[in-house]
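Peer 1: A predicted structure for the sequence below; I have some questions about it.
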Amino acid sequence: MNSSMDIAKYVVDYCTRCGKPITNLQLQKILYYVQLNFIRVFAELAFPENIQAWQYGPVVPNVYEWFSSYGPTKICNLYENVTNMFSAEEEKLIKRVINACTSITPWELVEKSHRPGSPWSKVYNGTKVDIPIEYIREYACAK
């Protein structure tokens, strides 16, 4: 299992190299969907850190803080040592999630993460709160 920061750096690097840099908002949703898809496909977590429900959807707090200086601007960073962190199957899944998430607008991603019955919708009450991993597992397995 990798850390959320390792995966975030891989995502940012991949998007930058593809000429599709992303914002922190997009990164947060990509991490959420990577977690969902790892549970769905591999029956395991992509990363151990908690995901919280914030106003604009699921957020991994440590990653959000790390990239918060970018505000709403695109993150155009390249990172060394982000290749060979994943198995071929894991990397393929992560790229599929990235490509799906970058093919829609950031606000469509927010709407998607806010759907009724989503883990975010079950816990968000106007304050930042952890989303229980059990809710994420249930949602991933129901899809």
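Peer 2: Cool, the structure landed. Note that this is a predicted model, so its numbers are computed, not measured. Residues are numbered from 1 along each chain as shown.

Peer 1: show me the contacts for the residue most central in space within the chain.
Peer 2: The C-alpha lying nearest the average C-alpha coordinate of the chain belongs to residue 31 (Cα atoms, centre = their mean; 1.2 Å). Residues in contact with residue 31 (Cβ atoms under 8 Å, 6 or more residues apart in numbering) are 4, 7, 8, 11, 47, 51, 58, 60, 63. No exception for glycine: its C-beta is placed from N, CA and C like everyone else's.

Peer 1: residue 114 against residue 121, yeah?
Peer 2: Yes. Assessed by Cβ atoms under 8 Å, residue 114 is found in contact with residue 121 at 6.2 Å.

Peer 1: next one: the helix or strand of the chain with the lowest mean pLDDT to chain centre, how far?
Peer 2: Ranked by mean pLDDT, DSSP states H and E, the weakest helix or strand in the chain is helix 106-113, scoring a mean of 91. Put simply, helix 106-113 sits 12 Å off its chain's centre (Cα atoms, centre = their mean, to the nearest Å).

Peer 1: buried sites along it?
Peer 2: For helix 106-113, the neighbour count (16 or more other Cβ atoms under 10 Å) marks 106, 109, 110, 112, 113 as buried.

Peer 1: how about the helices in the protein?
Peer 2: Assigned by DSSP state H, the helices in the chain fall at 4-17, 24-42, 61-67, 88-102, 106-113, 119-123, 133-142.

Peer 1: turn those into JSON lines, including distance to residue 82.
Peer 2: Below are these laid out as JSON lines (distance: least, Cβ to Cβ, whole Å):
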{"stretch": "helix 4-17", "distance to residue 82": "4"}
{"stretch": "helix 24-42", "distance to residue 82": "14"}
{"stretch": "helix 61-67", "distance to residue 82": "14"}
{"stretch": "helix 88-102", "distance to residue 82": "10"}
{"stretch": "helix 106-113", "distance to residue 82": "22"}
{"stretch": "helix 119-123", "distance to residue 82": "27"}
{"stretch": "helix 133-142", "distance to residue 82": "24"}
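
Peer 1: perfect, that will be all.
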